[in-house]
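Q: just a sequence and a predicted model for now, questions to come.
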Amino acid sequence: MSPGISLHAIGLSYAGKPLFSQLNAHFKGACWHSILGRSGVGKSSLLQSIAGLLSGTALAGNINASDGQSLHGRVAWMGQRDALLPWLTVQQNVLLGVRLRKQVSAQHQERANAMLERVGLGGKAQSMPEHLSGGQRQRVALARTLMEDKPVVLMDEPFSALDAITRLQLQDLASTLLHGKTVLLITHDPLEALRLSGQVWVMTERPVVLKMMFAIDTPAPRALDDAQILSWQGQLLAYLQKDQETPAS
Amino acid sequence: MNIHKTSPGLRLLLITAGLLALWQAIVWLTNMPHFILPGPFRVLRALWEQRSLIGEHALVTMAEIIMGMVLGCLLGFASAMLLQWSRSFRVWLLPVLIVSQAIPVFALAPILMIWLGYGMASKVVMAALVIFFPVTSACYDGLQRTSRDWLQLAQTMGASHAQVLWQIRLPAALPSLASGLRVAATVAPIGAVIGEWVGSSSGLGYLMLHANARMQVDTVFASLIVLASLSLLLYFSVDYVLRKLIFWTA
(Lines give C-alpha, C1' and ligand atoms only; values in the text may rest on other atoms or scores of the structure.)
Protein backbone atom coordinates (compact mmCIF):
# COMPACT_ATOMS: atom_id res chain seq x y z
CA MET A 1 0.00 0.00 0.00
CA SER A 2 1.38 3.37 -1.01
CA PRO A 3 1.91 5.62 2.02
CA GLY A 4 0.22 8.94 2.65
CA ILE A 5 2.30 12.07 3.13
CA SER A 6 1.94 14.49 6.05
CA LEU A 7 3.27 18.01 6.11
CA HIS A 8 3.80 19.49 9.56
CA ALA A 9 4.49 23.21 9.87
CA ILE A 10 6.46 23.39 6.65
CA GLY A 11 8.26 26.67 6.10
CA LEU A 12 10.34 27.53 3.09
CA SER A 13 12.35 30.57 2.16
CA TYR A 14 13.86 31.35 -1.19
CA ALA A 15 16.88 33.69 -1.41
CA GLY A 16 16.21 34.91 2.13
CA LYS A 17 12.55 35.70 1.48
CA PRO A 18 9.98 33.43 3.11
CA LEU A 19 7.70 31.70 0.58
CA PHE A 20 5.44 30.23 3.23
CA SER A 21 5.50 29.06 6.84
CA GLN A 22 3.41 26.75 9.00
CA LEU A 23 2.00 24.85 6.05
CA ASN A 24 0.06 21.75 7.08
CA ALA A 25 -1.63 19.05 5.05
CA HIS A 26 -2.21 15.33 4.93
CA PHE A 27 -2.23 13.66 1.55
CA LYS A 28 -3.80 10.25 2.00
CA GLY A 29 -2.09 7.21 0.58
CA ALA A 30 -2.87 5.39 -2.68
CA CYS A 31 -4.74 8.44 -3.92
CA TRP A 32 -4.19 10.99 -6.67
CA HIS A 33 -3.92 14.57 -5.33
CA SER A 34 -3.87 17.66 -7.52
CA ILE A 35 -2.62 20.99 -6.24
CA LEU A 36 -3.76 24.18 -7.94
CA GLY A 37 -2.79 27.76 -7.22
CA ARG A 38 -1.36 30.98 -8.57
CA SER A 39 2.08 30.88 -10.21
CA GLY A 40 4.80 31.77 -7.74
CA VAL A 41 2.87 30.73 -4.66
CA GLY A 42 5.41 27.98 -4.07
CA LYS A 43 3.75 24.82 -5.41
CA SER A 44 6.84 23.61 -7.25
CA SER A 45 9.10 24.40 -4.30
CA LEU A 46 6.77 22.43 -2.04
CA LEU A 47 6.91 19.45 -4.40
CA GLN A 48 10.69 19.70 -4.61
CA SER A 49 10.98 19.69 -0.83
CA ILE A 50 8.85 16.55 -0.66
CA ALA A 51 11.13 14.99 -3.30
CA GLY A 52 14.15 15.89 -1.16
CA LEU A 53 15.50 18.18 -3.86
CA LEU A 54 15.84 21.24 -1.62
CA SER A 55 18.66 21.44 0.85
CA GLY A 56 17.77 21.45 4.56
CA THR A 57 18.91 25.02 5.18
CA ALA A 58 15.89 26.63 3.55
CA LEU A 59 13.35 24.10 4.79
CA ALA A 60 11.63 24.02 8.18
CA GLY A 61 9.09 21.57 9.56
CA ASN A 62 8.58 17.86 8.90
CA ILE A 63 7.55 15.81 5.91
CA ASN A 64 6.56 12.28 6.93
CA ALA A 65 5.23 9.19 5.26
CA SER A 66 2.15 7.74 7.00
CA ASP A 67 3.81 4.32 7.44
CA GLY A 68 6.53 5.86 9.58
CA GLN A 69 9.38 5.08 7.17
CA SER A 70 11.47 7.66 5.37
CA LEU A 71 10.29 8.95 1.99
CA HIS A 72 13.90 8.90 0.82
CA GLY A 73 14.28 6.56 -2.14
CA ARG A 74 10.54 5.93 -2.40
CA VAL A 75 9.69 8.85 -4.69
CA ALA A 76 9.58 9.03 -8.48
CA TRP A 77 9.77 12.45 -10.14
CA MET A 78 8.12 13.66 -13.33
CA GLY A 79 8.86 17.25 -14.27
CA GLN A 80 7.31 19.83 -16.55
CA ARG A 81 9.77 19.01 -19.31
CA ASP A 82 10.36 15.39 -20.26
CA ALA A 83 14.08 15.64 -19.30
CA LEU A 84 15.03 12.89 -21.75
CA LEU A 85 18.79 12.68 -22.22
CA PRO A 86 19.46 13.30 -25.93
CA TRP A 87 22.55 11.07 -26.03
CA LEU A 88 20.65 7.96 -24.90
CA THR A 89 18.15 5.85 -26.81
CA VAL A 90 14.54 5.70 -25.68
CA GLN A 91 15.17 2.37 -23.92
CA GLN A 92 18.31 3.70 -22.22
CA ASN A 93 16.32 6.71 -21.05
CA VAL A 94 13.69 4.45 -19.52
CA LEU A 95 16.54 2.56 -17.83
CA LEU A 96 18.13 5.79 -16.56
CA GLY A 97 17.58 5.08 -12.87
CA VAL A 98 18.92 1.55 -13.22
CA ARG A 99 21.87 2.81 -15.27
CA LEU A 100 22.72 5.50 -12.72
CA ARG A 101 22.68 2.89 -9.96
CA LYS A 102 24.72 0.57 -12.23
CA GLN A 103 22.28 -2.36 -12.00
CA VAL A 104 21.41 -2.91 -15.67
CA SER A 105 20.53 -6.55 -16.41
CA ALA A 106 18.62 -8.46 -19.08
CA GLN A 107 15.53 -8.51 -16.84
CA HIS A 108 15.68 -4.74 -16.49
CA GLN A 109 15.87 -4.34 -20.24
CA GLU A 110 12.87 -6.60 -20.71
CA ARG A 111 10.99 -4.63 -18.09
CA ALA A 112 11.89 -1.35 -19.81
CA ASN A 113 10.51 -2.74 -23.08
CA ALA A 114 7.35 -3.82 -21.28
CA MET A 115 6.94 -0.30 -19.86
CA LEU A 116 7.39 1.18 -23.33
CA GLU A 117 4.78 -1.30 -24.56
CA ARG A 118 2.37 -0.06 -21.89
CA VAL A 119 2.75 3.58 -22.94
CA GLY A 120 2.24 2.57 -26.58
CA LEU A 121 5.85 2.97 -27.74
CA GLY A 122 6.81 -0.69 -28.08
CA GLY A 123 8.52 -0.16 -31.43
CA LYS A 124 10.54 2.89 -30.40
CA ALA A 125 12.98 1.33 -27.90
CA GLN A 126 16.03 1.95 -30.08
CA SER A 127 14.99 5.39 -31.39
CA MET A 128 16.71 8.56 -30.29
CA PRO A 129 14.58 11.09 -28.37
CA GLU A 130 15.11 13.79 -31.02
CA HIS A 131 13.10 11.69 -33.47
CA LEU A 132 10.02 11.62 -31.23
CA SER A 133 7.13 14.08 -31.00
CA GLY A 134 6.45 16.03 -27.81
CA GLY A 135 3.68 13.61 -26.82
CA GLN A 136 5.85 10.55 -27.46
CA ARG A 137 8.67 12.07 -25.42
CA GLN A 138 6.37 12.62 -22.46
CA ARG A 139 5.19 9.00 -22.85
CA VAL A 140 8.82 7.89 -22.55
CA ALA A 141 9.09 10.05 -19.41
CA LEU A 142 6.01 8.26 -18.07
CA ALA A 143 7.56 4.86 -18.87
CA ARG A 144 10.73 5.99 -17.07
CA THR A 145 8.62 6.96 -14.04
CA LEU A 146 6.86 3.57 -14.10
CA MET A 147 10.20 1.78 -14.42
CA GLU A 148 11.29 3.33 -11.10
CA ASP A 149 8.28 1.60 -9.53
CA LYS A 150 8.09 3.88 -6.48
CA PRO A 151 4.98 4.11 -4.22
CA VAL A 152 4.97 7.91 -4.41
CA VAL A 153 4.95 9.82 -7.71
CA LEU A 154 5.48 13.59 -7.75
CA MET A 155 4.46 15.40 -10.93
CA ASP A 156 5.16 19.05 -11.68
CA GLU A 157 2.84 20.04 -14.54
CA PRO A 158 3.99 17.17 -16.78
CA PHE A 159 1.18 17.65 -19.31
CA SER A 160 1.18 21.43 -19.58
CA ALA A 161 3.39 21.70 -22.66
CA LEU A 162 1.32 19.28 -24.76
CA ASP A 163 -1.41 20.05 -27.28
CA ALA A 164 -5.01 19.48 -26.16
CA ILE A 165 -5.59 16.03 -27.69
CA THR A 166 -2.17 14.64 -26.71
CA ARG A 167 -2.67 16.03 -23.21
CA LEU A 168 -5.97 14.16 -22.81
CA GLN A 169 -4.38 10.90 -24.00
CA LEU A 170 -1.42 11.28 -21.63
CA GLN A 171 -3.69 12.16 -18.70
CA ASP A 172 -5.80 9.03 -19.23
CA LEU A 173 -2.72 6.86 -19.66
CA ALA A 174 -1.02 8.22 -16.53
CA SER A 175 -4.24 7.92 -14.53
CA THR A 176 -4.59 4.24 -15.47
CA LEU A 177 -0.94 3.27 -15.10
CA LEU A 178 -0.31 5.10 -11.83
CA HIS A 179 -3.45 3.73 -10.19
CA GLY A 180 -2.82 2.69 -6.60
CA LYS A 181 0.17 4.98 -6.08
CA THR A 182 0.23 8.14 -4.02
CA VAL A 183 0.39 10.83 -6.69
CA LEU A 184 0.91 14.56 -6.13
CA LEU A 185 0.25 16.58 -9.27
CA ILE A 186 0.92 20.30 -9.59
CA THR A 187 -1.32 21.75 -12.26
CA HIS A 188 -2.90 24.96 -13.53
CA ASP A 189 -5.75 23.13 -15.22
CA PRO A 190 -8.87 22.68 -13.03
CA LEU A 191 -10.35 20.17 -15.48
CA GLU A 192 -7.19 18.05 -15.36
CA ALA A 193 -7.30 18.12 -11.56
CA LEU A 194 -10.99 17.16 -11.40
CA ARG A 195 -10.76 14.41 -14.02
CA LEU A 196 -7.76 12.66 -12.49
CA SER A 197 -7.76 13.26 -8.73
CA GLY A 198 -9.25 11.72 -5.68
CA GLN A 199 -8.57 14.96 -3.87
CA VAL A 200 -8.25 18.46 -5.32
CA TRP A 201 -6.23 20.97 -3.29
CA VAL A 202 -5.79 24.68 -3.69
CA MET A 203 -2.76 26.55 -2.43
CA THR A 204 -3.97 30.06 -1.57
CA GLU A 205 -2.02 33.14 -0.58
CA ARG A 206 -1.92 35.47 2.44
CA PRO A 207 -1.39 33.37 4.41
CA VAL A 208 -0.27 30.47 2.24
CA VAL A 209 -2.39 27.46 3.14
CA LEU A 210 -3.25 24.18 1.48
CA LYS A 211 -7.00 23.72 1.36
CA MET A 212 -8.74 20.57 0.22
CA MET A 213 -11.60 21.67 -2.05
CA PHE A 214 -13.02 18.42 -3.41
CA ALA A 215 -12.84 14.75 -2.57
CA ILE A 216 -14.08 12.64 -5.46
CA ASP A 217 -14.85 8.91 -5.20
CA THR A 218 -15.80 8.05 -8.79
CA PRO A 219 -13.13 6.14 -10.74
CA ALA A 220 -10.62 8.23 -12.68
CA PRO A 221 -10.05 9.25 -15.42
CA ARG A 222 -13.49 10.83 -15.60
CA ALA A 223 -15.30 11.78 -18.78
CA LEU A 224 -14.81 15.28 -20.17
CA ASP A 225 -18.55 15.94 -20.27
CA ASP A 226 -19.30 14.66 -16.77
CA ALA A 227 -21.87 17.19 -15.50
CA GLN A 228 -20.60 17.07 -11.90
CA ILE A 229 -17.00 17.65 -13.02
CA LEU A 230 -18.01 20.58 -15.20
CA SER A 231 -19.97 22.22 -12.43
CA TRP A 232 -17.06 21.81 -10.01
CA GLN A 233 -14.74 23.22 -12.65
CA GLY A 234 -16.86 26.39 -12.67
CA GLN A 235 -16.69 26.65 -8.88
CA LEU A 236 -12.96 26.01 -8.84
CA LEU A 237 -12.26 28.63 -11.52
CA ALA A 238 -14.37 31.20 -9.69
CA TYR A 239 -12.52 30.45 -6.45
CA LEU A 240 -9.07 30.68 -8.06
CA GLN A 241 -10.02 33.93 -9.77
CA LYS A 242 -11.17 35.45 -6.49
CA ASP A 243 -7.95 34.34 -4.79
CA GLN A 244 -5.85 36.06 -7.44
CA GLU A 245 -7.89 39.26 -7.42
CA THR A 246 -7.44 39.91 -3.70
CA PRO A 247 -5.19 43.00 -3.59
CA ALA A 248 -1.72 42.58 -2.14
CA SER A 249 -1.35 44.11 1.30
CA MET B 1 24.02 32.07 -62.98
CA ASN B 2 22.69 32.97 -59.55
CA ILE B 3 25.60 34.23 -57.46
CA HIS B 4 24.09 32.86 -54.23
CA LYS B 5 23.84 29.33 -55.57
CA THR B 6 27.55 28.72 -56.09
CA SER B 7 29.02 25.71 -54.32
CA PRO B 8 31.32 26.33 -51.34
CA GLY B 9 34.22 24.74 -53.24
CA LEU B 10 33.73 27.07 -56.20
CA ARG B 11 33.52 30.10 -53.92
CA LEU B 12 36.75 29.10 -52.18
CA LEU B 13 38.43 28.65 -55.55
CA LEU B 14 37.22 32.05 -56.79
CA ILE B 15 38.30 33.85 -53.64
CA THR B 16 41.73 32.18 -53.68
CA ALA B 17 42.22 33.01 -57.35
CA GLY B 18 41.13 36.60 -56.72
CA LEU B 19 43.52 37.07 -53.81
CA LEU B 20 46.39 35.52 -55.76
CA ALA B 21 45.68 37.84 -58.67
CA LEU B 22 45.60 40.83 -56.31
CA TRP B 23 48.88 39.71 -54.79
CA GLN B 24 50.52 39.38 -58.21
CA ALA B 25 49.11 42.77 -59.26
CA ILE B 26 50.64 44.45 -56.19
CA VAL B 27 53.99 42.84 -56.98
CA TRP B 28 53.85 44.11 -60.57
CA LEU B 29 52.58 47.58 -59.75
CA THR B 30 54.92 48.35 -56.85
CA ASN B 31 57.83 46.63 -58.56
CA MET B 32 59.06 45.33 -55.20
CA PRO B 33 62.28 43.25 -55.26
CA HIS B 34 61.49 39.55 -54.78
CA PHE B 35 63.46 39.37 -51.52
CA ILE B 36 60.98 41.87 -50.01
CA LEU B 37 57.72 40.67 -51.55
CA PRO B 38 57.84 37.62 -53.84
CA GLY B 39 54.93 36.98 -56.19
CA PRO B 40 52.70 33.90 -55.83
CA PHE B 41 54.48 32.02 -58.60
CA ARG B 42 57.83 32.47 -56.95
CA VAL B 43 56.39 31.25 -53.65
CA LEU B 44 54.84 28.21 -55.34
CA ARG B 45 58.15 27.48 -57.00
CA ALA B 46 59.94 27.71 -53.63
CA LEU B 47 57.30 25.40 -52.16
CA TRP B 48 57.89 22.85 -54.90
CA GLU B 49 61.67 23.07 -54.99
CA GLN B 50 62.04 22.80 -51.23
CA ARG B 51 59.18 20.36 -50.69
CA SER B 52 61.28 17.76 -48.89
CA LEU B 53 62.89 20.33 -46.58
CA ILE B 54 59.55 22.00 -45.78
CA GLY B 55 57.83 18.62 -45.42
CA GLU B 56 60.44 17.43 -42.96
CA HIS B 57 60.01 20.50 -40.75
CA ALA B 58 56.23 20.43 -41.15
CA LEU B 59 56.16 16.91 -39.70
CA VAL B 60 58.02 18.11 -36.61
CA THR B 61 55.65 21.05 -36.12
CA MET B 62 52.57 18.86 -36.68
CA ALA B 63 53.81 16.35 -34.11
CA GLU B 64 54.34 19.17 -31.59
CA ILE B 65 50.87 20.58 -32.26
CA ILE B 66 49.12 17.22 -31.91
CA MET B 67 50.97 16.23 -28.75
CA GLY B 68 50.36 19.69 -27.32
CA MET B 69 46.65 19.38 -28.19
CA VAL B 70 46.36 16.02 -26.47
CA LEU B 71 48.26 17.15 -23.38
CA GLY B 72 46.47 20.50 -23.10
CA CYS B 73 43.02 18.99 -23.66
CA LEU B 74 43.58 16.23 -21.12
CA LEU B 75 44.82 18.73 -18.53
CA GLY B 76 42.00 21.15 -19.29
CA PHE B 77 39.39 18.40 -19.08
CA ALA B 78 40.84 17.05 -15.83
CA SER B 79 40.92 20.44 -14.13
CA ALA B 80 37.36 21.24 -15.25
CA MET B 81 36.19 17.92 -13.76
CA LEU B 82 38.10 18.62 -10.53
CA LEU B 83 36.60 22.10 -10.31
CA GLN B 84 33.13 20.61 -10.68
CA TRP B 85 33.86 17.64 -8.42
CA SER B 86 34.97 19.42 -5.31
CA ARG B 87 34.05 22.72 -3.71
CA SER B 88 37.54 23.04 -2.23
CA PHE B 89 39.06 22.81 -5.70
CA ARG B 90 36.60 25.40 -6.88
CA VAL B 91 37.39 27.96 -4.18
CA TRP B 92 41.16 27.35 -4.13
CA LEU B 93 41.99 26.48 -7.74
CA LEU B 94 39.68 28.72 -9.75
CA PRO B 95 41.23 32.04 -8.55
CA VAL B 96 44.71 30.62 -9.22
CA LEU B 97 43.68 29.62 -12.74
CA ILE B 98 42.23 33.02 -13.48
CA VAL B 99 45.22 34.94 -12.08
CA SER B 100 47.59 32.66 -14.00
CA GLN B 101 45.92 33.84 -17.19
CA ALA B 102 47.28 37.35 -16.51
CA ILE B 103 50.74 35.97 -17.33
CA PRO B 104 51.17 36.01 -21.12
CA VAL B 105 52.03 32.42 -21.97
CA PHE B 106 54.39 33.60 -24.72
CA ALA B 107 56.50 35.40 -22.13
CA LEU B 108 57.16 32.01 -20.56
CA ALA B 109 58.60 30.57 -23.77
CA PRO B 110 62.25 31.52 -23.05
CA ILE B 111 62.01 30.00 -19.56
CA LEU B 112 60.50 26.80 -20.98
CA MET B 113 63.55 26.54 -23.28
CA ILE B 114 65.82 26.68 -20.25
CA TRP B 115 63.78 24.12 -18.34
CA LEU B 116 62.88 21.69 -21.12
CA GLY B 117 65.61 22.24 -23.69
CA TYR B 118 65.54 23.06 -27.38
CA GLY B 119 63.83 19.85 -28.43
CA MET B 120 60.12 19.14 -28.95
CA ALA B 121 59.18 19.02 -25.27
CA SER B 122 59.24 22.79 -24.76
CA LYS B 123 57.04 23.33 -27.87
CA VAL B 124 54.57 20.65 -26.82
CA VAL B 125 54.27 22.27 -23.39
CA MET B 126 53.94 25.68 -25.02
CA ALA B 127 51.05 24.53 -27.22
CA ALA B 128 49.46 22.75 -24.24
CA LEU B 129 49.70 25.89 -22.07
CA VAL B 130 48.12 28.06 -24.74
CA ILE B 131 45.06 25.82 -25.05
CA PHE B 132 44.77 24.76 -21.40
CA PHE B 133 42.64 27.67 -20.23
CA PRO B 134 40.19 27.83 -23.17
CA VAL B 135 39.56 24.07 -22.81
CA THR B 136 39.19 24.25 -19.02
CA SER B 137 36.85 27.19 -19.15
CA ALA B 138 34.65 25.80 -21.94
CA CYS B 139 34.40 22.38 -20.29
CA TYR B 140 33.73 23.78 -16.80
CA ASP B 141 31.11 26.10 -18.22
CA GLY B 142 29.35 23.12 -19.82
CA LEU B 143 29.50 21.09 -16.59
CA GLN B 144 28.02 24.04 -14.69
CA ARG B 145 25.20 24.74 -17.08
CA THR B 146 23.75 21.23 -17.11
CA SER B 147 19.96 21.41 -17.25
CA ARG B 148 18.39 21.51 -13.79
CA ASP B 149 15.68 19.11 -14.98
CA TRP B 150 18.28 16.39 -15.62
CA LEU B 151 20.04 17.00 -12.31
CA GLN B 152 16.82 16.88 -10.30
CA LEU B 153 15.70 13.73 -12.06
CA ALA B 154 19.03 12.00 -11.41
CA GLN B 155 18.88 13.11 -7.77
CA THR B 156 15.41 11.61 -7.23
CA MET B 157 16.76 8.39 -8.77
CA GLY B 158 19.33 8.18 -6.00
CA ALA B 159 22.39 8.95 -8.14
CA SER B 160 25.58 9.78 -6.25
CA HIS B 161 27.68 12.89 -6.80
CA ALA B 162 30.14 10.91 -8.94
CA GLN B 163 27.38 9.25 -10.99
CA VAL B 164 25.77 12.62 -11.69
CA LEU B 165 29.15 14.04 -12.73
CA TRP B 166 30.10 11.20 -15.10
CA GLN B 167 26.73 10.18 -16.47
CA ILE B 168 24.77 13.44 -16.58
CA ARG B 169 27.05 16.47 -16.34
CA LEU B 170 29.87 15.13 -18.52
CA PRO B 171 27.76 14.14 -21.56
CA ALA B 172 25.77 17.35 -21.13
CA ALA B 173 29.02 19.35 -21.21
CA LEU B 174 30.33 17.67 -24.39
CA PRO B 175 28.96 20.35 -26.77
CA SER B 176 30.72 23.06 -24.70
CA LEU B 177 33.87 20.97 -24.45
CA ALA B 178 33.73 20.60 -28.23
CA SER B 179 33.77 24.37 -28.76
CA GLY B 180 36.78 24.50 -26.43
CA LEU B 181 38.50 21.87 -28.58
CA ARG B 182 37.74 23.82 -31.75
CA VAL B 183 39.37 26.91 -30.24
CA ALA B 184 42.28 24.70 -29.15
CA ALA B 185 42.76 23.43 -32.70
CA THR B 186 43.14 27.00 -33.96
CA VAL B 187 45.49 28.30 -31.23
CA ALA B 188 47.68 25.23 -30.58
CA PRO B 189 49.71 25.87 -33.79
CA ILE B 190 50.45 29.41 -32.57
CA GLY B 191 51.89 28.03 -29.33
CA ALA B 192 54.08 25.52 -31.14
CA VAL B 193 55.42 28.06 -33.67
CA ILE B 194 56.19 30.68 -31.00
CA GLY B 195 58.07 27.96 -29.13
CA GLU B 196 60.08 27.23 -32.27
CA TRP B 197 60.87 30.91 -32.78
CA VAL B 198 62.30 31.26 -29.30
CA GLY B 199 64.71 28.41 -29.75
CA SER B 200 64.77 25.24 -31.80
CA SER B 201 66.65 23.33 -34.45
CA SER B 202 63.68 22.12 -36.48
CA GLY B 203 60.05 22.86 -37.28
CA LEU B 204 58.30 25.33 -39.59
CA GLY B 205 58.86 28.20 -37.14
CA TYR B 206 62.58 27.49 -37.17
CA LEU B 207 62.62 27.25 -40.96
CA MET B 208 60.75 30.55 -41.34
CA LEU B 209 63.06 32.38 -38.96
CA HIS B 210 66.14 31.10 -40.79
CA ALA B 211 64.82 31.86 -44.24
CA ASN B 212 63.80 35.32 -43.05
CA ALA B 213 67.31 36.07 -41.82
CA ARG B 214 68.67 35.13 -45.26
CA MET B 215 66.05 37.25 -47.06
CA GLN B 216 64.49 34.09 -48.58
CA VAL B 217 61.03 35.57 -48.21
CA ASP B 218 59.62 33.11 -50.76
CA THR B 219 60.55 30.22 -48.43
CA VAL B 220 58.94 32.07 -45.51
CA PHE B 221 55.70 32.39 -47.46
CA ALA B 222 55.88 28.77 -48.62
CA SER B 223 56.28 27.59 -44.99
CA LEU B 224 53.43 29.86 -43.97
CA ILE B 225 51.15 28.30 -46.58
CA VAL B 226 51.99 24.82 -45.30
CA LEU B 227 51.44 25.90 -41.69
CA ALA B 228 48.07 27.44 -42.52
CA SER B 229 47.03 24.30 -44.44
CA LEU B 230 48.03 22.12 -41.48
CA SER B 231 46.02 24.30 -39.10
CA LEU B 232 42.97 24.12 -41.35
CA LEU B 233 43.34 20.36 -41.70
CA LEU B 234 43.56 20.02 -37.94
CA TYR B 235 40.52 22.23 -37.36
CA PHE B 236 38.33 20.42 -39.86
CA SER B 237 39.41 16.96 -38.63
CA VAL B 238 38.61 17.94 -35.03
CA ASP B 239 35.32 19.47 -36.13
CA TYR B 240 34.39 16.36 -38.13
CA VAL B 241 35.15 13.94 -35.30
CA LEU B 242 33.28 16.09 -32.77
CA ARG B 243 30.22 16.33 -34.98
CA LYS B 244 30.13 12.53 -35.33
CA LEU B 245 30.65 12.05 -31.61
CA ILE B 246 28.13 14.64 -30.39
CA PHE B 247 25.42 13.69 -32.84
CA TRP B 248 22.52 15.05 -30.76
CA THR B 249 23.35 18.74 -31.18
CA ALA B 250 23.35 18.59 -34.97
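A: Cool, got the structure. Numbers count the residues shown, from 1 in each chain, chains lettered A, B, ... in the order given.
Q: up against chain A, what does chain B have?
A: Counting by C-beta under 8 Å from any C-beta of the partner chain, chain B comes close to chain A at B:147, B:149-150, B:152-159, B:163-164, B:167-168, B:171, B:174, B:246, B:248-249. Yep, even glycine has a C-beta here, placed from its N, CA and C like the rest.
Q: just the buried ones out of these, please.
A: B:149-150, B:152-157, B:159, B:163-164, B:167-168, B:171, B:174, B:246 (16 or more other C-beta atoms under 10 Å in any protein chain shown).
Q: among the residues of chain B next to chain A, name the ones in helices.
A: Using DSSP state H, the members of the residues of chain B next to chain A that fall within helices are B:Asp149, B:Trp150, B:Gln152, B:Leu153, B:Ala154, B:Gln155, B:Thr156, B:Gln163, B:Val164, B:Pro171, B:Leu174.
Q: give me the pLDDT for the fifth one.
A: Going back to what we said before, that points to B:Ala154. Looking at B:Ala154, its pLDDT is 94.
Q: list the contacts of it.
A: A:Leu96, A:Leu100, B:Gln163, B:Val164, B:Gln167, B:Ile168 (C-beta atoms under 8 Å, 6 or more residues apart in numbering or on different chains).
Q: picking that back up, which of the buried ones among the residues of chain B next to chain A lies closest to A:Ala51?
A: For these, the closest approach to A:Ala51 (C-beta to C-beta) belongs to B:Thr156, at 5.4 Å.
Q: if we can go back for a sec, the ones in helices among the residues of chain B next to chain A: which two are farthest apart?
A: In these, two members sit farther apart than any others by C-beta to C-beta. They are B:Thr156 and B:Leu174, at 23.7 Å.
Q: what about the helices in chain A?
A: Ranges of helices in chain A, per DSSP H, are A:43-51, A:90-94, A:96-100, A:106-118, A:134-148, A:164-177, A:190-196, A:227-245.
Q: dump those helices to a markdown table, plus mean neighbour count.
A: Formatted as a markdown table, the helices of chain A follow (neighbours: other C-beta atoms under 10 Å in any protein chain shown):
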| stretch | mean neighbour count |
| --- | --- |
| helix A:43-51 | 22 |
| helix A:90-94 | 25 |
| helix A:96-100 | 21 |
| helix A:106-118 | 16 |
| helix A:134-148 | 23 |
| helix A:164-177 | 16 |
| helix A:190-196 | 23 |
| helix A:227-245 | 13 |
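Q: for chain B, which of those helices is the nearest?
A: Nearest to chain B among these is helix A:96-100 (3.9 Å), distances taken as C-beta to the nearest C-beta.
Q: chain center to that closest one: distance?
A: With C-alpha atoms, centre = their mean, to the nearest Å as the basis, helix A:96-100 stands 20 Å off its chain's centre.
Q: residues contacting that helix, please?
A: A:85, A:88, A:92, A:104, A:108, A:112, A:144, A:147-148, B:153-154, B:157-159, B:163-164, B:167.
Q: circling back to that earlier point, out of the helices of chain A, flag the one nearest A:Ala125.
A: Among those, the nearest to A:Ala125 by C-beta to C-beta is helix A:90-94 (4.0 Å).
Q: mean confidence score for the longest helix that chain B contains?
A: Longest helix in chain B, counting residues (DSSP H): helix B:51-85. Per-residue pLDDT over helix B:51-85 has a mean of 95.
Q: list the helices and strands it packs on?
A: helix B:87-100, helix B:120-144, helix B:170-198, helix B:204-213, helix B:217-245 (3 or more C-beta pairs under 8 Å, 6 or more residues apart in numbering or on different chains; DSSP states H and E).
Q: name the residues of chain A found near chain B, please.
A: When proximity is defined by C-beta under 8 Å from any C-beta, chain A lies next to chain B at A:48, A:51-53, A:73, A:75-77, A:79-81, A:83, A:85-87, A:96-97, A:99-102, A:128, A:130, A:148, A:154.
Q: among these, name the ones in strands.
A: A:Val75, A:Ala76, A:Trp77, A:Leu154 (DSSP state E).
Q: now B:Ser43: closest residue in space, sequence neighbours ignored.
A: To be clear, residue B:43 is Val; Ser isn't right here. Spatial nearest neighbour of B:Val43, chain neighbours left out: B:Phe221 (4.3 Å); criterion: C-beta to C-beta, 6 or more residues apart in numbering or on different chains.
Q: ok, the ones in strands among the residues of chain A next to chain B vs B:Ser202, which is closest?
A: A:Trp77 (59.5 Å).
Q: per-domain residue ranges of chain A.
A: For chain A, the structural domains run A:5-74+A:151-245, A:85-149, going by automatic domain parsing.
Q: average pLDDT for stretch B:11-24?
A: On average, stretch B:11-24 scores 91.
Q: show residues contacting it.
A: Applying C-beta under 8 Å, 6+ apart, the contact partners of stretch B:11-24 are B:Thr6, B:Gly39, B:Pro40, B:Phe41.
Q: distance to A:Gly11 added to those, as TSV?
A: Putting those into TSV (distance: C-beta to C-beta, whole Å) gives the following:
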residue	distance to A:Gly11
B:Thr6	67
B:Gly39	80
B:Pro40	77
B:Phe41	82
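Q: could you identify the most distant pair in those residues?
A: Using C-beta to C-beta, the pair of the contacts of stretch B:11-24 lying farthest apart is B:Thr6 and B:Gly39, separated by 27.3 Å.
Q: more crowded one of these two?
A: The neighbour comparison of B:Thr6 against B:Gly39 (other C-beta atoms under 10 Å in any protein chain shown) goes to B:Gly39, with 19 against 13.
Q: and the residue lying closest to the more buried one once chain neighbours are set aside, how many neighbours?
A: Spatial nearest neighbour of B:Gly39, chain neighbours left out: B:Val27 (4.2 Å); criterion: C-beta to C-beta, 6+ apart. Counted with other C-beta under 10 Å, residues neighbouring B:Val27 total 19.
Q: for B:Val27, give its distance to chain A.
A: Computed with C-beta to the nearest C-beta, to the nearest Å, the distance linking B:Val27 and chain A is 53 Å.
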